[in-house]
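> Okay, sequence plus prediction incoming.
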Amino acid sequence: MKTQFITNDKGKRVSVILPIRDYNKMLDALEELEDIKAYDEARESGEDSVVAEEAFKMIESVRNDLAN
C-alpha cells in the first residue's frame with residue numbers, strides 16, 4: 001500500500017493519502033468485520049434465530065400491512 005502523509009508545521013503526521021483501491025479494500029474489510037461482530041452479538045444474545053427466507057417474508061408482510 002503506497003501511502004502519503006500530510007504533516008503539520010511541526011512535522012507531526014495529521015492525515016494520510018492512499019490510493020482509492022486501497023481505501024475501498026479497507027472499507028470492504030471494515031464492513032465484513034462489522035458483519036462478524038453483529039453475528040457474534042446475535043449468537044451471544046441467546047435469542048431465537050430466524051431463517052433468512054422467513055425473515056424476508058415477515059418484512060414483506062409488514063410492508064404490505066403498512067401500504068394498506
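Nice, I can see it.
> so how far is the helix or strand that contains Leu27 off the chain centroid?
Leu27 belongs to helix 20-45 when assigned by DSSP states H and E. Its chain's average C-alpha position is 5 Å from that of helix 20-45, according to CA atoms, centre = their mean, to the nearest Å.
> Likewise for stretch 60-68?
With CA atoms, centre = their mean as the basis, stretch 60-68 stands 27 Å off its chain's centre.
> In three-state terms, label Tyr14 for me.
Heads up, residue 14 is Val, not Tyr. What DSSP: H, G, I helix; E, B strand; the rest coil gives for Val14 is strand.
> OK, contacts around it?
Counting by CB atoms under 8 Å, 6 or more residues apart in numbering, Val14 makes contact with Ile6, Thr7, Asn8. From N, CA and C alone the C-beta is placed, and that goes for glycine too.
> Check Lys2 too.
Leu18, Pro19, Asp22.
> So which of the residues you listed is the closest to Glu53?
Ranked by distance to Glu53 (CB to CB), the contacts of Lys2 are led by Asp22 at 36.8 Å.
> Now for the closest one: which residues touch it?
By CB under 8 Å, 6+ apart, the residues touching Asp22 are Met1, Lys2, Thr3.
> if I look at it, how far off is Glu34?
Shown here: Asp22 relative to Glu34, a distance of 19 Å by CB to CB, to the nearest Å.
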